Each structure stands twice: as C-alpha cells, then as structure tokens.
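> I would like the atomic coordinates for the input below:
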Amino acid sequence: MRRLILLRHAKADAHSAGGDRQRPLTKRGEEDAKNVGRYLAKEGLLPDIAVASDARRAKRTLDLVLEAFPSHVTHVVEHTIYLAGADRLLDVLRQTPGKAASVLAVGHNPGFAELAIALAGDGDPDDLFRMRSKYPTAALAVLDFDADEWDGVSLGEARLDRFVTPADLRGDVADDPD
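Reported below is the predicted structural model:
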C-alpha cells in the first residue's frame, strides 16, 4: 500500500514585494499549519518523506507541520511542483523512491485539488463531495493506493481515506473563502 497526503499550503498574504513565490503565511495560516501538524501526529499520519514547493508559503507550511512530529522526517524542496498541474504532479509522484510508503506533499491549487480529485476513485461520499467542491488553504486529502511502487499509481485508483480542512480542526461550521 502507498499513502499520499496532499496538503495545500496554509493561508498566505495576498502580495509580497518579492513576488508570488515570496508570499509569507498570515497569522491564521501559521496557526492552521500548526494545527494540521498536530492532527497528523495525533492520527499517526507520519510520512516517510515530505516534499514542498519552493514557494515561501509552502516551505513554511511544511516546517510548521513537521514541528509536531515526534521524530525527524526527511524532507525536500521541489521547484517543479510550484503551481504545477495535475499531470506534472503525478509525474513527480511516480518518481518517488520505493522505500517511501507514505508521502506528504505541500503545494498549491489548482494543481493539488485537481490531482486529488483525479486520483480519488473511492472513499466516503461526503468527504469526496467536500473535496470536489472546495479545497481551501491548509486542507489535506489522505489518499491510499493498492500499489507496490509509486510508478504504479494511476488516476481513479486511490481511496480517499479522509479530507480535513482547517475549519474541521477548529470546529467551524464552514471554511473561509480561501
């Protein structure tokens, strides 16, 4: 079995003097990322490897998430997933080393939402509906594959184990617009 945890970066400032790649997280974004990390640790969703886009907001999200884990997680920054589409993201995923059974990826929409939707062929109907309707900042999809290697992962073959948003973790009724 292979497990992919797709985490959209946490809420970021709308602008940065350094351009889009340099946008920092907002205060709420920082808190949401910490909450996601605590949730992943509490649920035992510990990745073998983590990868983040090279955008400041994605790297910071990953750093804050990893603070909650009891042991070191090997992590890398991958510039090719910055604003990549679902096809490119799938290509990157298929190149993951075989020893990594569980991968946490932190990146951007629309690519992450498109990839999660394209991969998920099964799962809780309510979670599938919510994920397909909206993939807000700091939302995560946990996708399980019945595959021996990452290069065997195919569209529509994952089971959505869960879809969790920051609002779920805060107990809010609805997510913020972004």
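> so where is the chain shaky, pLDDT-wise?
Low-confidence segments of the chain, defined by pLDDT under 70, span residues 172-178.
> what ranges do the strands span in it?
Secondary structure of the chain (DSSP state E): strands at 2-8, 49-52, 74-77, 102-107, 120-123, 140-145, 158-164.
> tally of neighbours for the nearest residue in space to Ala113 that is not next to it in sequence?
Leaving aside its chain neighbours, Ala113 sits nearest to Tyr135 (3.6 Å; criterion: C-beta to C-beta, 6 or more residues apart in numbering). Any C-beta I mention is one placed from the backbone N, CA and C, and that applies to glycine too. Other residues within reach of Tyr135, judged by other C-beta atoms under 10 Å, total 23.
> next one: Tyr39
Under the criterion other C-beta under 10 Å, the count of neighbours that Tyr39 has is 17.
> Was I right to think it contacts Val164?
Yes: under the criterion of C-beta atoms under 8 Å, Tyr39 is in contact with Val164, at a separation of 6.6 Å.
> Need the overlap of contacts for the two.
By the contact definition C-beta atoms under 8 Å, 6 or more residues apart in numbering, Tyr39 and Val164 are jointly contacted by no residue.
> for the longest helix belonging to the chain, which positions count as buried?
What stands out as the longest helix in the chain, according to DSSP state H, is helix 27-42. By neighbour count on 16 or more other C-beta atoms under 10 Å, the buried set for helix 27-42 is 29-37, 39-41.
> Let me know the closest of the residues you listed to Lys99.
Relative to Lys99, the closest of the buried residues of helix 27-42 is Leu40; by C-beta to C-beta it sits at 20.2 Å.
> Val92: neighbour count?
Burial measure for Val92: 17 neighbouring residues, criterion other C-beta under 10 Å.
> show me what contacts it?
Contact criterion C-beta under 8 Å, 6+ apart gives 51, 78, 80-81, 84 as the residues in contact with Val92.
> of all these, which comes closest to Ala101?
Using C-beta to C-beta, the shortest approach to Ala101 within the contacts of Val92 belongs to Val51, at 14.6 Å.
> tell me, how many neighbours does the closest one end up with?
Val51 is flanked by 22 other residues according to other C-beta under 10 Å.
> For it, give the beta-bridge partners.
Under the criterion DSSP bridges, Val51 forms beta bridges with Val76, Ala105.
> is it true that it touches His75?
Yes: here Val51 lies in contact with His75, judged by C-beta under 8 Å, at a distance of 6.8 Å.
> And the furthest pair within the buried residues of helix 27-42?
The most widely separated members of the buried residues of helix 27-42 are Gly29 and Ala41, with 18.9 Å between them, by C-beta to C-beta.
> Next, Ala101: phi, psi?
Backbone dihedrals for Ala101, given as degrees, to the nearest 10, come out at phi -80, psi -30.
> contacting residues for it?
Taking C-beta under 8 Å, 6+ apart as the test, what Ala101 contacts is 1-3, 48.
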